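In: Model the following, please.
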Amino acid sequence: MRIDRIEWDGAHVRELAAQLRSLGPQLSEVAAQVERIVTDVREGGDAALREIAERLGEGAPHSSRVDPDAVAAAPGLLEPNVREALRTAARNIEAVARAELDARLRPAPVELPEAQRVEVREEPVASAGIYAPGGRGDYPSSVLMCCIPARVAGVARICVASPPGPSGRPGAAVLAACALVGVEEVYALGGAQAIAALALGTETVGRVDVIAGPGGRYVTEAKRRLSATVGIDGIAGPSELMVVADGTANPEWLALDVCAQAEHGEDTLLIVGSPDVALLDRLEELVIDLAPERPSVARTRLALVACAGLEGALTLSDHIAPEHLELSFQGADETVARARVAGCVFIGGGGATAFGDYAAGSNHVLPTGGAARFGGPLGPGTFHRRTSIVSISRSAATVLAPHVVALSGAEGFPVHGESAAVRGLPGEGSF
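Out: Numbers count the residues shown, from 1 in each chain. So this is what the prediction gives:
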């Protein structure tokens, strides 16, 4: 792991935040390749998917659709403890998703003074495509994190795309997770071509209304490029972790937290901010010792930032707006956590990001690249569309029409005014 040491005096926080963000990958590096893939899939459909797979050295079965019988049988291929872990994680994720949905779905019409009524309703989209990444391993947790909120939201058709393994289809753990959440429409597709197929449709892959799920730079750029064609959960790119800690934090635990997130790949962004230089020194020593002993830990970059104080470290974190934020200092509590700008905040010594990645019940599909400034965790709302329902009574039309006439005339659209005014005339038409 490559370690950068930074001494920060608290000045120019925006510049430092931008410098730290620049340690991560840039989508522009893969934009041209993704554009070619999307164009190929748009024009060539299934044939293009097979050609892309061959070009990338992947298996290219005649059909990318995985046999539903193979999906149904997959749970029986898992070790019992893995199967039980999936069930526990699914139960907790569903409990959180249902609580979130209950908080959203209480539509009540607003009665306005002129006697019109406006109601904003949320309804599930018709179809959702879930991307479960692959490559270094299987990620059944991503299937749970995305499919369960979609199911809770009421989406009728849910399908999953995940890169094929040596067998020509996704691994047993991914297929078992699909079976656990009741998804039988599974495609052995990965990368930008999977996103293009879900967004555009091919002879085999039916297009969807929303695509959700994490991925690397190619997946992220494809989602960004196709976001005018299909709904997306956000630009969920490579993993990010920032830790704000003081001298009371356990450096051994933090070193494992950092190494754990580095398992996501070389593009992972890792930052620890602390006013305690001794803690940073010890953390550097531990990471240097631990990382080489763990083959799954990628050679990514870790920035250790010596801050003038905890408040400065928290301010820096808010400007970075990380995907994951661990608060490991004396006095860290829910009040401090609520004020933070981050996708998911973990409080205190027990707050390892790994719990959120798997079984705590929070969602691990989170905003990256600073998008936590305006976005949040994936949930049932990701799979809903909002509709305004407006009821205009005769009396409301009479009162509102002059205002519409005035405003539309000022904007150069007088027929808008006519359209409203005719409804405000007594005895004209039916309501």
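In: show me where the stretch 251-400 of the chain has strands.
Out: 269-274, 301-306, 324-328, 344-347, 384-391 (DSSP state E, counting those that start in this stretch).
In: Could you point out which of the ones you listed sits nearest Asp4?
Out: strand 301-306 (4.7 Å; C-beta to C-beta). C-beta coordinates here come from the backbone N, C-alpha and C atoms, glycine included.
In: Tell me how many other residues crowd Gly331.
Out: Using other C-beta atoms under 10 Å, Gly331 has 11 other residues around it.
In: That one and Gly348, how far apart?
Out: 10 Å (C-beta to C-beta, to the nearest Å).
In: Any chance of the strands of the stretch 251-400 of the chain in TSV with mean pLDDT as columns?
Out: Below are the strands of the stretch 251-400 of the chain laid out as TSV (pLDDT from 0 to 100):
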stretch	mean pLDDT
strand 269-274	97
strand 301-306	96
strand 324-328	97
strand 344-347	96
strand 384-391	93
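In: Flag the shaky bits of this protein, pLDDT-wise.
Out: By pLDDT under 70, the low-scoring segments of the chain are 25-27, 59-61, 107, 135-136, 427-431.
In: quick one, domains of it?
Out: Annotated domains of the chain cover 2-25+238-360, 29-234, 392-424 [automatic domain parsing].
In: Any chance of a markdown table for those, columns distance to Pro367?
Out: Formatted as a markdown table, the domains of the chain follow (distance: least, C-beta to C-beta, whole Å):
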| stretch | distance to Pro367 |
| --- | --- |
| domain 2-25+238-360 | 5 |
| domain 29-234 | 5 |
| domain 392-424 | 36 |
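In: and Leu378, which of these is closest to it?
Out: Closest approach to Leu378 among these is made by domain 29-234 (5.1 Å; C-beta to C-beta).
In: quick one: contacts of stretch 33-40?
Out: Under the criterion C-beta atoms under 8 Å, 6 or more residues apart in numbering, residues 48, 51-52, 191-193, 196, 200, 218, 221-222, 225-226 lie in contact with stretch 33-40.
In: Switch the residues you listed over to CSV; also include neighbour count and secondary structure.
Out: CSV is the format used below for those (neighbours: other C-beta atoms under 10 Å; DSSP: H, G, I helix; E, B strand; the rest coil):
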residue, neighbour count, secondary structure
Ala48, 20, helix
Glu51, 15, helix
Ile52, 24, helix
Gly191, 26, helix
Ala192, 28, helix
Gln193, 29, helix
Ala196, 29, helix
Leu200, 17, helix
Tyr218, 20, helix
Glu221, 26, helix
Ala222, 29, helix
Arg225, 19, helix
Leu226, 20, coil
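In: Among those, which one lies nearest to Arg2?
Out: Tyr218 (23.1 Å).
In: residues contacting the closest one?
Out: Tyr218 touches Val30, Gln33, Val34, Ile37, Gly191, Ala192, counting by C-beta under 8 Å, 6+ apart.
In: From Arg373, how far out is it?
Out: Using C-beta to C-beta, Tyr218 is found at 24 Å from Arg373.
In: Give the buried residues for stretch 302-316.
Out: Leu302, Ala303, Leu304, Val305, Ala306, Cys307, Leu310, Gly312, Ala313, Leu314, Thr315, Leu316 (16 or more other C-beta atoms under 10 Å).
In: coming back round to it: please identify which of the contacts of stretch 33-40 is nearest to Pro68.
Out: Gln193 (22.2 Å).
In: Apart from its chain neighbours, what residue comes closest to that closest one?
Out: Ile52 (4.7 Å; C-beta to C-beta, 6 or more residues apart in numbering).
In: list the contacts for the one you found?
Out: Ile37, Asp40, Val41, Gly191, Gln193.
In: closest to Gln261 among those residues?
Out: Gly191 (22.3 Å).
In: I'd guessed the closest one sits against Pro163; true?
Out: Yes - the criterion here is C-beta atoms under 8 Å, and Gly191 meets it with Pro163 at 7.0 Å.
In: one step back: now the strands of the stretch 251-400 of the chain as a markdown table including distance to Met242?
Out: Below are the strands of the stretch 251-400 of the chain laid out as a markdown table (distance: least, C-beta to C-beta, whole Å):
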| stretch | distance to Met242 |
| --- | --- |
| strand 269-274 | 4 |
| strand 301-306 | 9 |
| strand 324-328 | 5 |
| strand 344-347 | 10 |
| strand 384-391 | 30 |
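In: So Ala72 is in contact with Gly182, correct?
Out: No - applying C-beta under 8 Å, one finds Ala72 not in contact with Gly182, separated by 10.3 Å.
In: which one of these two has more residues nearby?
Out: More neighbours surround Ala72 than the other of Ala72 and Gly182, with 14 against 10 (other C-beta under 10 Å).
In: where's that one, which helix or strand?
Out: helix 68-73 (DSSP states H and E).
In: Check which helices and strands that helix is in contact with.
Out: helix 172-180, strand 185-188 (3 or more C-beta pairs under 8 Å, 6 or more residues apart in numbering; DSSP states H and E).
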